[in-house]
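**Q** what follows is a predicted structure for the sequence shown.
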Amino acid sequence: MLKYQVELLGLMDSVARNDAIEAINAIIDAASKVTDPEQAMKIFELTLEKLASGNNERLWFNTSSKLAKIYLEKGDTKNSEKTIQQLLTSCRNKDGTDDISKA
C-alpha cells in the first residue's frame, strides 16, 4: 500500500484536483484500518509531507484531522495533542489572530 501511495502522490499534480483528493482520501481511510500501525503512520507522514509542500491546505487539514483521531483512538495523547496544535496553528494568521476565512 505504501508503494502505491508514493506513486499516487507523485501523480497528484498531473490529475484533476477532485480526482486526487478522492484517491488520497480512499488510501488514507484504508490506511487507518490497516493492522500494521507502522505502515499506516508512514503513509500518513508521506501524504502530509507532500500536501504541506503543495497548495491543497484543505486536504492537508482533513488528513491531519484523521491522524489526530487515530492517535486519540490508540490513546496516544502526546502525538494527538501535537497534531491538534498543528491544526489550530493552521487556522491562525501570521500575527496569531484567528483566520476568519477558515471555518
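**A** Here it is on my side, so go on.
**Q** tell me the SS of the nearest residue to Cys91 once chain neighbours are set aside?
**A** In this structure, Cys91 finds its nearest non-sequential neighbour in Lys102, 5.0 Å apart by C-beta to C-beta, 6 or more residues apart in numbering. C-betas here are computed from N, CA, C, even on glycine. Following DSSP: H, G, I helix; E, B strand; the rest coil, the label given to Lys102 is coil.
**Q** and for Lys102, the neighbour number?
**A** Residues near Lys102, counting by other C-beta atoms under 10 Å, number 12.
**Q** hmm, it is touching Thr89, no?
**A** No: here Lys102 does not reach Thr89: they are 11.5 Å apart, not a contact under C-beta atoms under 8 Å.
**Q** what are the phi and psi values at Glu49?
**A** Main-chain dihedrals, Glu49, degrees, to the nearest 10: phi -60, psi -50.
**Q** now it: how far from Thr35?
**A** Using C-beta to C-beta, to the nearest Å, Glu49 is found at 24 Å from Thr35.
**Q** for those two, indicate the residue with more neighbours.
**A** Applying other C-beta under 10 Å to Glu49 and Thr35 shows that Glu49 carries more neighbours, namely 12 against 6.
**Q** sticking with the residue nearest to the spatial centre of the chain, tell me its helix or strand.
**A** For the chain, the residue nearest the mean C-alpha position is Thr63 (2.6 Å; C-alpha atoms, centre = their mean). Assigned by DSSP states H and E, Thr63 belongs to helix 57-74.
**Q** buried ones in that helix?
**A** Within helix 57-74, the residues that qualify as buried by neighbour count (16 or more other C-beta atoms under 10 Å) are Leu59, Trp60, Phe61, Asn62, Thr63, Ser64, Lys66, Leu67, Ala68, Ile70, Tyr71.
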